[in-house]
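[1] make a model of this:
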Amino acid sequence: MGIAENIVKVKARIADAAQRANRKGECIALVAVSKTMGVEIIDEALESGISIIGENRVQEAKQKHADLKHKAIWHMVGHLQTNKVKNALKIFSLIHSLDSLHLAEEINKRANDPVDCLIEVNTSRESSKNGISPADIIEFHDSLTRFDRINIRGLMTIGPGWAIEDPEASRLCFRQLRDLRDQLEQHSGRSFSTLSMGMTSDFEVAIEEGSTMVRIGTAIFGPRN
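    Predicted coordinates:
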């Protein structure tokens, strides 16, 4: 099955999951995560209806950004190192992985205009993962208010590592992120419209739990190189 067929299948699964949750599939953004994939394959995805490309590494994205034939919206979905912020701001329109004050300070220092960001939350509490502890989310959010070039649009999380075998294991993590978003809205009096949660192994569960943005790599591009 080719890239175009994979995209059709993924979009159908998104629509079905949204219908089960009494939601509209077109309200859920699809980010095609192209880590390790070549520009020809990414161009094929863009020709087949993908508009948002997600990358994990700034240097890899920088080269692809220069070489692609088709225009795309670029999202940073991996851990962002502070020494890569300057180049990241030239490429990405949304950073999914704001996970420290140090990173926020660097973004704020380097940016000319407000940068859309998501706060990454470690809902699975795995030590191998980055992200703010759920217990610290309100305090972390409040600490960001002094930065005039940081625009928080919502939250992001990654399901537990064992979700490949058991997608339902992600459900509690996704439900917690949605609840944290609701608490944050009540606390701040602001709306946070984006919940970035769900990957190939668990995106349907994520949609059922309120995801507005899914990050799909393998189901679109196949196994990584």
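[2] from here on, just use CA atoms for contacts and neighbour counts.
    Will do.
[3] what are the phi and psi angles of residue 155?
    Main-chain torsions, residue 155, degrees, to the nearest 10: phi -130, psi 160.
[4] can you count the residues close to it?
    A count of neighbours around residue 155, defined by other C-alpha atoms under 10 Å, yields 26.
[5] before we move on, what about residue 83?
    10.
[6] so how far is residue 118 from it?
    Computed with C-alpha to C-alpha, to the nearest Å, the distance linking residue 83 and residue 118 is 19 Å.
[7] can you check residue 196 too?
    Plainly put, residue 196 is 8 Å away from residue 118 if you go by C-alpha to C-alpha.
[8] joint contacts of those two?
    Overlap between the neighbourhoods of residue 196 and residue 118 consists of 96, 154-156, taking contacts as C-alpha atoms under 8 Å, 6 or more residues apart in numbering.
[9] out of those residues, who's nearest residue 214?
    Within the shared contacts of residue 196 and residue 118, distances to residue 214 taken as C-alpha to C-alpha reach their minimum at residue 156, with 9.9 Å.
[10] tell me the confidence at residue 224?
    The confidence metric pLDDT takes the value 80 at residue 224.
[11] correct me, but it touches residue 36?
    Yes: in this structure residue 224 lies within contact range of residue 36 using C-alpha atoms under 8 Å: 6.2 Å.
[12] helix/strand/coil for residue 195?
    State at residue 195, reduced to three classes by DSSP: H, G, I helix; E, B strand; the rest coil: strand.
[13] how about low-confidence regions in the protein?
    When the per-residue scores of the chain are filtered using pLDDT under 70, the ranges that remain are 1, 162-164.
[14] picking that back up, and the shared contacts of residue 196 and residue 118, which is closest to residue 16?
    Out of these, the member with the shortest distance to residue 16 (by C-alpha to C-alpha) is residue 156, at 22.3 Å.
[15] and the closest one, bridged to which residues?
    Taking DSSP bridges as the rule, residue 156 bridges to residue 120, residue 196.
[16] surely it and residue 121 touch.
    Yes: in this structure residue 156 lies within contact range of residue 121 using C-alpha under 8 Å: 6.1 Å.
[17] any idea how far residue 61 is from the nearest residue to residue 217 once chain neighbours are set aside?
    Of all residues beyond its chain neighbours, the one nearest residue 217 is residue 33 (4.4 Å), with distances taken as C-alpha to C-alpha, 6 or more residues apart in numbering. Residue 33 sits 11 Å away from residue 61, going by C-alpha to C-alpha.
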